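Q: return a 3D structure for these sequence lines:
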Amino acid sequence: MRRHGKKYTAARAKVDDRAYSIEEAIPLVQKVKFAKFDETVELTLRLGVDPKHADQMVRGTVVLPHGLGKTKSVLVIAGGEKQKEATEAGADFVGGEEIVERILGGWVDFDAVVATPDMMRAVGRLGKVLGPRGLMPNPKTGTVSTDIRKAVQEIKAGKVEFRVDKTGIIHAPVGKSSFSSDSLVANAHALVDSIVKAKPSAAKGKYLKSVTLSSTMGPGVRIDTANIEAVVKH
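A: Numbering: from 1, shown residues only. Predicted coordinates:
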C-alpha cells in the first residue's frame, strides 16, 4: 500500500469525503496544494465506455478559453506556400521531407505536430516515433489540415487533445494552480462539456462514472457528476 508524506496527509484531511461542484473544487485544490512549483491542475474522468470497441472510442480536442499557461512549440510538416503560411501563423519549426529524416534521426524537441494531407505519406514513417508520444498528426484532432494557419493558432491558443485510454479513463490538464479560480473553472467546464458532447451513441448506461480534480502532487477532489450533466444540458 502506498504511504503518503505528512504534507499530503494534511492536505487530504482538508478535503471532505463528498462530491463537490467544479466551482467548489477548484478553489479547494488551489488551497490544499503544498508543492513549491506551479502545479498543473488536471481532471480525471472515468467513462462508461469500452474502448476496445471502435464505436465507443472517445477522442477530440477543445480550445481552453484561458489556455494552459505554457505555449506549445509547434512543428509543421508541409511544402511550398504552406511553409510560408506556417511561419506567418507562428509555427516554431517548419519543413518538408527533410524534417521527417531529422525526426527519424532522433530529434523530438517539439510539443505538437501539424501536417498537410499531401505530406502524410512521408509522415507515416514517423508512427513509431510520434505515436507513443501522442504526437502523430490526425485529421480527427485537426492536426492534418490544409488550413495550417488555423491549426497552428488553435494549438498556440491552448488547444487540448483528449483521448480515452484502454481502461476507459481520460486524463487532461485544465491549467496551472497559479491561474485565477475563475479561469480554471471556465477551462474545466469547456473540457468537460466537450467530453460529454463526444459521448459515442454506442455507449449505454451512465457515461460519467466518476470525475476527480487534482493538482500534480495534491489529493484528488471528487466532482459531482450529476451537477456536471445538469450544467451541460443547460
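Q: can you map out the helices along the chain?
A: Taking DSSP state H as the criterion, the chain carries its helices at 6-13, 22-32, 81-89, 97-104, 120-123, 127-130, 148-157, 181-197, 225-233.
Q: looking at those helices, which is nearest to Leu213?
A: Put simply, out of these the one that sits nearest Leu213 is helix 22-32, at 4.7 Å, with distance taken as Cβ to Cβ. All C-beta spots, glycine's among them, are computed from the backbone N, C-alpha and C.
Q: same question for that closest one, mean pLDDT?
A: Average pLDDT, helix 22-32: 91.
Q: please apply the same query to stretch 73-84.
A: The average pLDDT for stretch 73-84 rounds to 95.
Q: buried ones in that stretch?
A: Buried residues in stretch 73-84, counting neighbours by 16 or more other Cβ atoms under 10 Å, are found at Val74, Leu75, Val76, Ile77, Ala78, Lys82, Gln83.
Q: using CSV, list the CA coordinates for stretch 209-223.
A: Coordinates of the C-alpha atoms in stretch 209-223 are reproduced here as CSV (Å, rounded to 0.1, in the frame of the first residue of the first chain):
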residue,chain,number,x,y,z
LYS,A,209,-18.8,7.2,-13.9
SER,A,210,-16.5,9.3,-11.8
VAL,A,211,-14.7,12.7,-12.2
THR,A,212,-11.8,13.8,-10.0
LEU,A,213,-9.9,17.1,-9.9
SER,A,214,-6.4,17.3,-8.5
SER,A,215,-3.1,19.2,-8.8
THR,A,216,0.1,17.4,-9.7
MET,A,217,1.1,16.5,-6.2
GLY,A,218,-2.1,17.2,-4.3
PRO,A,219,-5.0,15.0,-3.2
GLY,A,220,-8.0,14.3,-5.6
VAL,A,221,-11.3,16.0,-5.1
ARG,A,222,-14.4,14.2,-6.2
ILE,A,223,-16.7,16.1,-8.6
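Q: just to revisit the earlier point, Val164 is nearest to which of the helices of the chain?
A: If you check each of those against Val164 by Cβ to Cβ, helix 181-197 wins as the nearest, at 8.9 Å.
Q: helices or strands next to that closest one in the packing?
A: With contacts defined as 3 or more Cβ pairs under 8 Å, 6 or more residues apart in numbering; DSSP states H and E, the packing partners of helix 181-197 are helix 22-32, strand 40-47, strand 59-63, strand 159-163, strand 169-176, strand 208-215, helix 225-233.
Q: okay, the nearest residue to Leu135 once chain neighbours are set aside: pLDDT?
A: Spatial nearest neighbour of Leu135, excluding adjacent residues (Cβ to Cβ, 6 or more residues apart in numbering): Val113 at 5.0 Å. Per-residue pLDDT puts Val113 at 96.
Q: sketch out the low-pLDDT regions of this protein for me.
A: In the predicted model, the chain carries pLDDT under 70 at residues 1-4, 229-234.
Q: burial of the nearest residue to Ser183 once chain neighbours are set aside, as a residue count?
A: Here the nearest residue to Ser183 in space, its sequence neighbours aside, is His66; by Cβ to Cβ, 6+ apart that works out to 3.9 Å. Other residues lying near His66 total 19 when counted by other Cβ atoms under 10 Å.
Q: circling back to that earlier point, ok, the residue nearest to Leu135 - contacts?
A: When the contact criterion is Cβ atoms under 8 Å, 6 or more residues apart in numbering, the partners of Val113 are Val74, Leu75, Val76, Ile77, Val123, Leu130, Leu135, Met136, Pro137, Thr143.
Q: returning to that earlier point: ok, so of the buried residues of stretch 73-84, who is nearest Val160?
A: Within those, proximity to Val160 (Cβ to Cβ) peaks at Val74, which comes in at 14.2 Å.
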